[in-house]
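*Asks:* I'd like to go over a predicted model; first the sequence, then the structure.
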Amino acid sequence: MRRGRPGAGSRHRLWERSSAAGLSAMGCPVRAVALLAAAAAAVLLPPPPPVRPAVPRPRVSANFECRASADSTLTRPRCRRGAPTGPPLTPPALALSTARLCQPSLPCQPCLRVRLAVPAAGIRGLQLDFLELGSNRAGWLQVWRRHRAPGDVPWQVQFDCFPAESGRRVLVTLRTIPDRGLAVSRSHVVAIELQGPIFTHTWLPEARAIEVAVPKGPALMVRLCHQLALECEELPQPFHRQLLVPGGHRVSLPYEFLVPCLCVEASYPHHDSLRSKRCPFRERPDAYGPELWSSVHFHDYSSKDQMAMVLSASCPLHPQATLCWREAAAEAAPCHNVPNSTASEEEQVYTLDNVDVHPLLCFRFSYGNSSHVECPHCTDTAWNVSLSARGLQLRLHLTSRVPASFSAALCQRRGGRCEPEAPVYTVTRPESSAPGELALLLPVQVLGSCVLVWRSDVRFARKQLLCPDVSHRHFGLLGLALALGLVVTVLLLNCRSTWRMPSGAVTRGRPVLLLYSPDSEEHLALVCALAELLRAGLGCEVRLDLWEAGGVGRAGALPWLYAQRSHVGRESGTVLLLWSRGSSRLFRLWRGGEGGGEPRDAHDVFGAAMACLQGELGAAGRGRGWVLVYFSRLCSPRDVPRPLRPLPTYRLPQELPGLLGALRGGPPPSCRHLRGRAQGLLLRLLEAEAGKGAAGGGSGGGAGRPLQPAGT
C-alpha cells in the first residue's frame, strides 16, 4: 500500500480521463462544463489517506528480565524473558528480516523483525530507531533490564515487529542506554508478498488429526501450529511434526486439543520461503468446548487475602474471571456465582483482593459461550470451625492462623437454602494475638437450627453451614432443651395473662447486663439459656460478652464493662450477676491476688465486674441496680461471699417469676398453678446439665431479699 498524495503520473492519467469525458460531451455544453469542473476538483483536492489495519501489541523477547516502552506509532510493547528464534548472534550485531503480522479476522501484512546482540557490561537498556523511507514514518523502541544480573552475558533481543509496507526500505539504528559510543545502523527492504503454497486440508475428528493434501508439483513442508499475535507457535511434543510432503501426496497430522488457534501451515523447503496458513477452527463452536480449558495451565499464587491465578494457554485467551462457591469438593458439584466479584486481569494474571481464600471459593473463567471453574490448589485453610450442642446452646470452636473477624448466625433450612437470621454474633482475633482458639455460644430458638459461619473482615467470603448432630447421644439433650423452651413459653404466656402493664407503661424491656464466671460448661449453658429467655421472652435488651466477643476483644474488659454499666444505669436497667461455686473460687482469688482487687487480664470480664461492684457497694447507693442470681443445683447460699449478700438475690428456677417481675419493674406474675410442674422440669434439666456429681442446693432467703449470714 502506498501512502501520501498521488504523483505527477497519476494526475496526468486523471487529466486524460477528464479530457476524454469532456470531448464525448461536446453536444451538451452544460454537461461538458460540469464534467470539466469535477475533473479539476479531483486533481486539486488531495485524496483521503489510506487506511492501515490495526496493529496488535508488539512483543520483545530477551534472555533477561526486561521491560519495554515505545512511542505513539507502536502500541505498548510486551516484554518477556525467552530465547530469540535462531542461533545467538555475536555482539555487536543487528539483523533484519521480513515477517508477517497476522491478526484474527484481518489479512496478514508484512513487517520488519529485528534481532540484535550487544555486550551487557555498563548498560541499563537500549534503543532502536526506525525510519520507513518514502513515507518518512518514524518510531522508536526502548528495552530496559529490570534487575541487575551478575556476569556479563551478552544481551540477545528479538523484536516482533515493526509494521511496514511491501517494497519499502526501513532504516534501523541501534544505540545503548547510557550511550557507550556504540551505534549500529542497518536497512532492509520489506519483500513484496507473493502467493504462497497451495494445499487442501480435511479435519478427521475421530482420529483427532488433520489430513493435508499437496497437489501435483513441488514438495511442501507442512505442520500444525498455534497462531499467536505475531507468529504461529509449534505444538508441544509429541505432537510437533514438520514433514516434507511430495506433490500429489497427503499426510495426517495429529493434534492434542481442538482449540480456536489451531492452524495448518505450509512452506517451500528452501529457507525464508513464502508460507500459507489456514486456521479453520476460529468460527467452529467445537473449538470452544472443554478441550479449550484442558489446554490451559492454571498456576495458583493466592495468598492471605488475595486470590491470584496465572494462565498459560496455547491460544491468546483473555477470559473474564468471577468468584463462585462450591457446595462440595467434587468437580461435578455446582458453583454458585458471587455478585460483583469480577477479577482484574493483566498479562493473563487474574487477581481479586479482600477475599477469604478457601478451597471451595473458586474462579469461574468465561470465554465466548463456555466457562470453566478453577479452585485454589492449596487444600489447607487459614481457619477452621467445629460445632457442638450443649442444651439450649450451640458452641462454635474457631481456630485461625491469621488475624481475622468471624461472624455467625442461626438459620433454618427452607427449600435447600439456609438464610441467616438476626442477630449476628461476632468474635475477633486481634493483630497482636497469637494463634489460638476462639469460642462463640449461640442460643437455640428452634430445634434443628443450623449455623452459618463466615469471615466478616473481608468483602468476599464463603459461608460455612454447620448443623448439630441430633442423632444418638445428642438427641436426648436437645429434647430436654426443647422441653425447657416449651415450659418457659407456657409460663410466660400464663404470667402475661394475669399481669397487666399499667396504662402508659413502656412495653420495651429494660436493658439487662449479664455478668458471670466462666467456670464450667454447665454454667455457661445456663447463662446463655437465661439470656435468651430474657431477650426473646421479655423483650429485654440483653448485654452479654459472649454475644459481643468482638467488642470485648477490641476495647478490653474494663472499657467494655464500664460502657455497658453506664448504658444500663442511664436506662434504669439491671446488672444481673449469675453466681456459682466457681464464682466463689474466682472471687477469693480476685480478693487475695496481686493488684489489690484490680483485674489482671485485659479480657477478664469477671474481675472487671468485681472491681466495678466493689466501688458501687462502697458508695451511698449500696449496689443499686445490681441483682444476684444463682441456680439451686449449681450453687447454695453459703457460696455467696459476705460482701455480696446485701444484694437482692434470687434462686432459680424456684424464684424465676419474682426475678422476671423485678426486671420488668412490676409485681411478680401470678402463676402458682403452673409453678410446680415448671419447677420439676427445670430441675430435671438442671440435673442433666450438672451431671450426677452436682450437689443439692439449700434454700435461700425470700425472693429479692438479702441473704442472711449462714454459719461461719
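*Replies:* Structure's in. What do you need?
*Asks:* quick one: Trp579 and Asn369, what's the gap?
*Replies:* 68 Å (CB to CB, to the nearest Å). Using the backbone N, CA and C atoms, a C-beta is placed for each residue, glycine as well.
*Asks:* Neighbour count for these two, which is higher?
*Replies:* Legend: neighbour count by other CB atoms under 10 Å for Trp579 and Asn369, higher for Trp579 (25 against 8).
*Asks:* you'd agree that one is up against Pro637?
*Replies:* No. Between Trp579 and Pro637 there is no contact under CB atoms under 8 Å: 9.9 Å.
*Asks:* Show the model's pLDDT score for Gln348.
*Replies:* With respect to pLDDT, Gln348 scores 86.
*Asks:* ok, now the one 3 residues further on?
*Replies:* At Thr351 the predicted local confidence, pLDDT, stands at 94.
*Asks:* Nearest residue to it in space, please, no chain neighbours.
*Replies:* Ala308 (4.7 Å; CB to CB, 6 or more residues apart in numbering).
*Asks:* With Gly82 instead?
*Replies:* Ser61 (4.6 Å).
*Asks:* list the contacts for the residue nearest to Thr351?
*Replies:* Asp300, Tyr301, Ser302, Val349, Tyr350, Thr351, Leu352 (CB atoms under 8 Å, 6 or more residues apart in numbering).
*Asks:* what do you get if the cut-off is 10 Å, keeping everything else the same?
*Replies:* 299-302, 343, 349-353, 355, 357, 363, 376 (CB atoms under 10 Å, 6 or more residues apart in numbering).
*Asks:* Which of the helices or strands spans it?
*Replies:* Element membership for Ala308 (DSSP states H and E) is strand 306-312.
*Asks:* roughly how far is that strand from the heart of the chain?
*Replies:* Put simply, strand 306-312 sits 11 Å off its chain's centre (CA atoms, centre = their mean, to the nearest Å).
*Asks:* tell me which residues in the helix or strand that that strand is followed by are buried?
*Replies:* Counting by DSSP H and E, the next helix or strand C-terminal to strand 306-312 is strand 320-326. Applying a neighbour-count criterion of 16 or more other CB atoms under 10 Å, one finds Ala321, Thr322, Leu323, Cys324, Trp325, Arg326 buried in strand 320-326.
*Asks:* what sits in contact with each of Trp579 and Pro637?
*Replies:* Counting by CB under 10 Å, 6+ apart, the common neighbours of Trp579 and Pro637 are Tyr630, Thr649.
*Asks:* Show the pLDDT at Val512.
*Replies:* For Val512, the model assigns a pLDDT of 89.
*Asks:* now swap in the one 3 residues further on and tell me
*Replies:* Model confidence at Leu515, expressed as pLDDT, equals 88.
*Asks:* For it, give me its contacts.
*Replies:* 527, 543-545, 561, 564-565, 575-579, 583, 605-606, 608-610, 612-613, 626.
*Asks:* Direction included, what does the strand ranked longest in the chain pair up with?
*Replies:* Counting residues, the longest strand found in the chain (DSSP state E) is strand 106-118. Taking DSSP bridges as the criterion, strand 106-118 sits next to strand 93-103 (antiparallel), strand 155-163 (antiparallel) in its sheet.
*Asks:* Indicate which one of these is closest to Leu513.
*Replies:* In terms of CB to CB, the element of these nearest to Leu513 is strand 93-103, at 71.7 Å.
*Asks:* Can you give me the buried ones in the closest one?
*Replies:* Buried residues in strand 93-103 (16+ other CB under 10 Å): Ala93, Leu94, Ala95, Leu96, Thr98, Ala99, Arg100, Leu101, Cys102.
*Asks:* who's the first one bridged to?
*Replies:* Pointing back at Ala93 there. Beta-bridge partners recorded for Ala93 (DSSP bridges): Ala117.
*Asks:* In this structure it contacts Pro84, no?
*Replies:* No. With contact defined as CB atoms under 10 Å, Ala93 does not reach Pro84; the gap is 11.5 Å.
*Asks:* Now do the shared contacts for these two.
*Replies:* Arg115, Leu116, Ala117, Gln156.
*Asks:* Show me the beta-bridge partners of the last one.
*Replies:* The one in question is Gln156. Ala117.
*Asks:* For stretch 202-211, list every residue counted as buried.
*Replies:* Trp203, Ala209, Ile210.
*Asks:* tell me the mean pLDDT over stretch 214-232?
*Replies:* Throughout stretch 214-232, pLDDT has a mean value of 89.
*Asks:* buried residues in it?
*Replies:* Across stretch 214-232, burial judged by 16+ other CB under 10 Å covers 214, 219-232.
*Asks:* about what we covered before: please narrow the contacts of Leu515 to those residing in helices.
*Replies:* Val527, Leu561, Gln564, Arg565, Ser583, Val605, Phe606, Ala608, Ala609, Met610, Cys612, Leu613 (DSSP state H).
*Asks:* if we can go back for a sec, what's the spacing between the longest strand of the chain and its chain's center?
*Replies:* Distance of strand 106-118 from its chain centroid, counting by CA atoms, centre = their mean, is 40 Å.
*Asks:* packing partners for the helix or strand following that strand?
*Replies:* Next helix or strand after strand 106-118 toward the C-terminus (DSSP H and E): strand 125-132. Judged by 3 or more CB pairs under 10 Å, 6 or more residues apart in numbering; DSSP states H and E, strand 125-132 is in contact with strand 66-70, strand 106-118, strand 137-145, strand 155-163, strand 169-177.
*Asks:* Next, the angle from strand 125-132 to strand 137-145.
*Replies:* 170 degrees (axes from the mean of the first three to the mean of the last three CA atoms, to 10 degrees).
*Asks:* Sheet partners, orientation included, of strand 125-132?
*Replies:* Next to strand 125-132 in the sheet, as set by DSSP bridges, lie strand 137-145 (antiparallel), strand 169-177 (antiparallel).
*Asks:* Relative to Tyr425, which of those is closest?
*Replies:* Closest to Tyr425 of the strands paired with strand 125-132, according to CB to CB: strand 137-145, at 54.2 Å.
*Asks:* Would you indicate which residues of the closest one are buried?
*Replies:* Judged by neighbour count using 16+ other CB under 10 Å, the buried positions of strand 137-145 are Arg137, Gly139, Trp140, Leu141, Gln142, Val143, Trp144, Arg145.
*Asks:* Pretty sure the last one sits against Leu126.
*Replies:* So the one you mean is Arg145. Yes. The pair Arg145 / Leu126 is scored as a contact, 9.4 Å apart, by CB under 10 Å.
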